[in-house]
Every structure is written in C-alpha cells, then in structure tokens.
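Novice: Just the structure for this:
(one chain, ligands or ions: 1)
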Amino acid sequence: MNSGTHKPLAGKTALVTGGSRGIGRAIATLFGAQGAAVGVHCHKSVSAAEEVVATIEASGGRARVLQGDVGDENDVERFVSELTDAFGPVDILVNNAGINHFVPIFETTEADLDRLVRVNTTGAFLCARAVASTMRDRRYGRIINVSSDCGKRGGKVSGVHFSASKAALQGLTRGLTRQLSPFGITVNDVAPATILTERLDATLSEEQRAARTSAIPIGRMGRPEDVAAAVGFLASDQAGFITGASIDVSGGARIA
Ligand SMILES: NC(=O)c1ccc[n+]([C@@H]2O[C@H](COP(=O)([O-])OP(=O)(O)OC[C@H]3O[C@@H](n4cnc5c(N)ncnc54)[C@H](OP(=O)(O)O)[C@@H]3O)[C@@H](O)[C@H]2O)c1
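Specialist: Numbering: from 1, shown residues only. This is a model prediction of the structure:
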C-alpha cells in the first residue's frame, strides 16, 4: 500500500462499464490507483475483469467484478446494486462500454443500428438512470460518457450507425447536464479518436496503421491512458465547475 501517496478519489465508489479491456481497463486502473473503490464491469470477459481487479488490489486498492449487459435494464439494476452493497453508493459513473461495426451503409441493417444504439446509447441511459436518484439525494455525482470523434464528424471506416449512436450519447450528455447539474452532479463526455487498444492493434494492417496515423496532427495514435487521464480529470474535485462539456482526446484529429 502506498500510504504516503495522495489518493484524490479515496472514499469514492466508481463504476466503470466495459472496464475489462482497452480504454475501460485504463480508467478502472487509474481510479483504483487514485483510491476509489471500483466496480470493474464486463459483459462476457469475466476473467479479464478479474485481472483488472487483481491489479488494483495488488496496489492496495479495492475493486470487484460486475457482469452484465448494459443494454438490459435488469442486468444494470442488479450490478449497480451489487456495487452499492459492496462499497456504498456510486459517486462516479463512467459509461465506457461500447461496440463498433465497420461496414458501409449499403450493408448496414436496421438490426445493426438497433444493436449499436442498444449498447452505446441505451446502455448509458440505463446506467445513468440507475445511479441518478441516489446521486441527487446525496447532492454529488460525476457522470462521464465515453463517446467518440465519430459522433461529431462521422467515421470514415466506422459505420454510420456507430456515429449515430455516439452522437445520441453526446445528446444524452447534454440532456443529463441540464437535469442533473442543479443537484451537484456533473455530466460530461470525452470523445476519443483512434485509440490503439489491443483489439484495434490486432486488426490493423501496416497500411491501415500508417493511414490512421497520418490523419492525426500529433503524429501518433492515442493510448488508453490518454483517455483515462481526461476521464480522471473530469472525475476529480478540480473539475467541479465543468459540466456539459465534451473533451476531444483525438491528437487534433477533429480539426484535421
Ligand atoms: N478504441 C478507439 O479507438 C475508440 C475510439 C472512439 C471511441 N471509443 C469508445 O471507447 C469505449 C471503449 O472502447 P475500447 O476500444 O476500449 O473497446 P473494447 O476494447 O472493445 O472494449 C469494450 C468493452 O465494452 C464491453 N461491452 C461490449 N458490449 C457490451 C454490452 N452489451 N454490455 C456491457 N458491456 C459491453 C466489453 O465487455 P467484454 O470484455 O466482456 O466483452 C469491453 O469491456 C467504447 O465506448 C468505444 O466506442 C473507442
């Protein structure tokens, strides 16, 4: 245990959806290192989530695995209750769980659209609603939605249904801001572009890697830790006057 290290999130309970892999894992690990008790949520990768929990616990932190489909209301109510029973009411919610689908409009079905909206948008709505009343009653909360650059400018390779689901998530952020900020709850989103997770790393060819990198003014793809740093700031006390914002974590891709 790093007893001499400042733990800015000590005493806080955080829920990170999709915390088993990629960006979510980096966020969960950061929160754990900062002293929060972390719900490391996954859909199916329970063993990956267990590894994240083990990493946090090995550094003296507290965490537990939560499992369920964010698009299923009963699952969401259940895993939020499990976290609350274990560590107390949720102070920080990060809606990070998400899925993408790389197909052109000509091959995109209505079922594809429904599937992405169900996870990327409805999932965030259900999780926010599950914690909002308690945050309101306690006059404190941080809700951070992991959206996407695609929600702002469309995606070249991501499907239009992905862009639509993330634009809707950005709209959800703004709507929640108006309704929840009067109760001391800040609501923001971070909008990443091309973050090199292990999933992306495994799928990109050398040509695709070079093309993606050349489209980013800062000259490299993002790292999960780049997104975690922005989320960590929005979760901190220093960000108490920031609500309704969208932070691009894109290496400048948004203006390229
Ligand atoms: N990587 C990028 O370049 C990039 C760019 C822009 C935005 N984003 C957004 O950032 C977030 C994280 O992306 P990532 O690249 O780190 O993703 P990832 O590595 O594919 O991980 C996705 C996470 O979401 C969970 N998940 C998927 N479907 C779910 C469902 N129905 N219910 C509950 N959890 C579910 C997965 O759980 P399991 O492990 O159990 O499957 C996993 O933990 C996503 O919202 C994504 O859209 C990523």
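Novice: only C-alpha atoms for contact and neighbour calcs from this point on.
Specialist: Will do.
Novice: Is residue 13 in contact with residue 94, as I believe?
Specialist: No: Residue 13 is beyond contact range of residue 94, at 11.3 Å (criterion: C-alpha atoms under 8 Å).
Novice: separation between residue 193 and residue 163?
Specialist: Relative to residue 163, residue 193 is positioned 12 Å away (C-alpha to C-alpha, to the nearest Å).
Novice: Spit out the residues that contact these two alike.
Specialist: Counting by C-alpha atoms under 8 Å, 6 or more residues apart in numbering, the contacts common to residue 193 and residue 163 are 148, 150.
Novice: Surely residue 188 is within a helix?
Specialist: No: looking at residue 188 with DSSP: H, G, I helix; E, B strand; the rest coil, it is strand, so not inside a helix.
Novice: What is the burial count for it?
Specialist: 27 (other C-alpha atoms under 10 Å).
Novice: Tally up the residues packed near residue 151, please.
Specialist: Residue 151, neighbours per other C-alpha under 10 Å, totals 22.
Novice: Please name the residues that touch it.
Specialist: By C-alpha under 8 Å, 6+ apart, the contact set of residue 151 is 162, 163, 164, 165, 166, 167, 168, 170.
Novice: For it, I want the exact helix or strand it lies within.
Specialist: Following DSSP states H and E, the helix or strand that holds residue 151 is helix 150-153.
Novice: Does that helix reach the ligand?
Specialist: No: if you take C-alpha under 6 Å from any ligand atom as the test, helix 150-153 misses the ligand, and the best it gets is 7.1 Å.
Novice: correct me, but residue 57 touches residue 63?
Specialist: Yes: with contact defined as C-alpha under 8 Å, residue 57 counts as touching residue 63 (6.8 Å).
Novice: Comparing the two, which residue is more hemmed in?
Specialist: Legend: neighbour count by other C-alpha under 10 Å for residue 57 and residue 63, higher for residue 63 (28 against 18).
Novice: Am I right that the more buried one falls within a strand?
Specialist: Yes: counting by three-state DSSP, residue 63 is found in a strand.
Novice: For the stretch 101-250 of the chain, which residues are neighbours of the ligand?
Specialist: Counting by C-alpha under 6 Å from any ligand atom, the stretch 101-250 of the chain sits next to the ligand at 119, 146, 147, 148, 192, 193, 194, 195, 196, 197, 199.
Novice: Do a quick rundown of the strands in the stretch 151-256 of the chain.
Specialist: In the stretch 151-256 of the chain, the strands defined using DSSP state E, counting those that start in this stretch lie at 185-192, 246-249.
Novice: would you turn these into TSV with mean pLDDT?
Specialist: Shown next, in TSV, are these (pLDDT from 0 to 100):
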stretch	mean pLDDT
strand 185-192	98
strand 246-249	98
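Novice: can you tell me which residues contact residue 120?
Specialist: Residue 120 neighbours (C-alpha under 8 Å, 6+ apart): 97, 98, 99, 165, 166, 169.
Novice: out of these, which are buried?
Specialist: 97, 98, 165, 166, 169 (16 or more other C-alpha atoms under 10 Å).
Novice: JSON lines for those, including distance to residue 181?
Specialist: Output for the buried ones among the contacts of residue 120, formatted as JSON lines (distance: C-alpha to C-alpha, whole Å):
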{"residue": "97", "distance to residue 181": "23"}
{"residue": "98", "distance to residue 181": "25"}
{"residue": "165", "distance to residue 181": "23"}
{"residue": "166", "distance to residue 181": "21"}
{"residue": "169", "distance to residue 181": "17"}
